[in-house]
Every structure is written in C-alpha cells, then in structure tokens.
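# dropping a prediction and its sequence here:
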Amino acid sequence: MISSKKKILAISGSTKQQSLNLALLKAIAATYSDRITVDLYDGIDKMPHFNPDKDNETPPESVVDFRNRITESDGVIICTPEYVFSLPGSLKNAIEWTVSTTIFSKKPVALIVAAASGEKAVESLKLIMSTLDAVIPANGSLLIKGAKGKIGPNGVIADAKTDAKLNRLMDSFLRSLDE
C-alpha cells in the first residue's frame, strides 16, 4: 500500500482539446485521487522542434519546464493516440528533448495507447522509453484498440475488459512507485 500520495506527471500525446487520451488521463486522475496527485502536462504543442544545437546549457524555457516536471514526478503516465502507424510527432519531439538527460532513467512509466489500431505506436513507445532507461512495470503498458467505442468523452471506459486491463496497469504502476 502506498503510504503517501505520489506525484505523477500525465502526458497526453494528443494536442486535440477533446482528445480521448486527455479525457482518459483526467478520469485516471479522478479515480486514483486518493493515491496520487496528477500534474497534467499540456505543453507538447508549445515545444520547439528538437534541435541538438539548442540542447545546451540554456535550452528553451518550455523544454526546461518539461524536464523539471519529469524530474519532480515520482512517475509518468503517457497516454497517446497513433498517427500513421507511429507516435504523434509532438509527443516524439517532446521526448527527444530528454535524450541528453537521464531524467527518465529508473523512472516508473505507464504507457497507454488509445487508438483505432495502435500496435505500432505502443511498440515504438516501449522501445523509446526502454532506450531512455525508464522502468515499465509488468502490465505497465496498455493498448486500447477501437478506443472511440470503448472510451466515453468523459474518459470513462465503457468496456469491462478494457476497464479491468486499465485497473491492472494502474495497480502495477502504483506498486512500482514504491519499489
């Protein structure tokens, strides 16, 4: 059992205001509010294109903010759609701004891909986060195929099997925060 609330950074891979991924993150925050405090990051669309020449002692302010929020969190939940069999460019760009750091090293992460299909995005996200040395716990990734039929606009999962899988993911993720 978690002894105190953990601080979680939640990142939606979608920049759409009415995104199912964003709604799902908000629903997770509400459902688990007795165990975690969620910092919902909404700045991936404000980050400049990754440029190694600008990744120096004085990176852009939006990059510093993103990195600080990852560093200050006990764990990270990423919930994203799949665009053209891959991660959305804005999410990949944000993650690329962390490659010169170790901020994801040993950081527990939960990965959710909620999309029409999603297989390629979940594979890519697992590979990227593993490369950054993040900790993906057992049952720490979830693919929600056919998301529009399974997640309501309020983020509540209408499909019992998907809801059970999400609960397993969150239980595993929350346990990993104390390890």
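On my side now, so go ahead.
# using the three-state scheme, assign Ala110.
Using DSSP: H, G, I helix; E, B strand; the rest coil as the criterion, the local structure at Ala110 reads strand.
# which non-adjacent residue is nearest the one residue sitting closest to the centre of the chain?
The centroid of the chain falls nearest to Ile78 when counting by C-alpha atoms, centre = their mean (0.8 Å). Across the structure, with C-beta to C-beta, 6 or more residues apart in numbering as the measure, the residue nearest Ile78 apart from its sequence neighbours is Ile11 (4.9 Å). Backbone N, C-alpha and C define where each C-beta goes, glycine included.
# quick check: that neighbour vs Asp159, distance?
Separation of Ile11 from Asp159 (C-beta to C-beta, to the nearest Å): 23 Å.
# as a check, name the ranges of all strands in the chain.
6-12, 36-41, 75-80, 109-115, 141-145 (DSSP state E).
# buried stuff in stretch 24-33?
Leu24, Leu25, Lys26, Ala27, Ile28, Ala29, Tyr32 (16 or more other C-beta atoms under 10 Å).
# remind me which residues of the chain are low pLDDT?
Of all residues in the chain, those with pLDDT under 70 make up the ranges 1-3.
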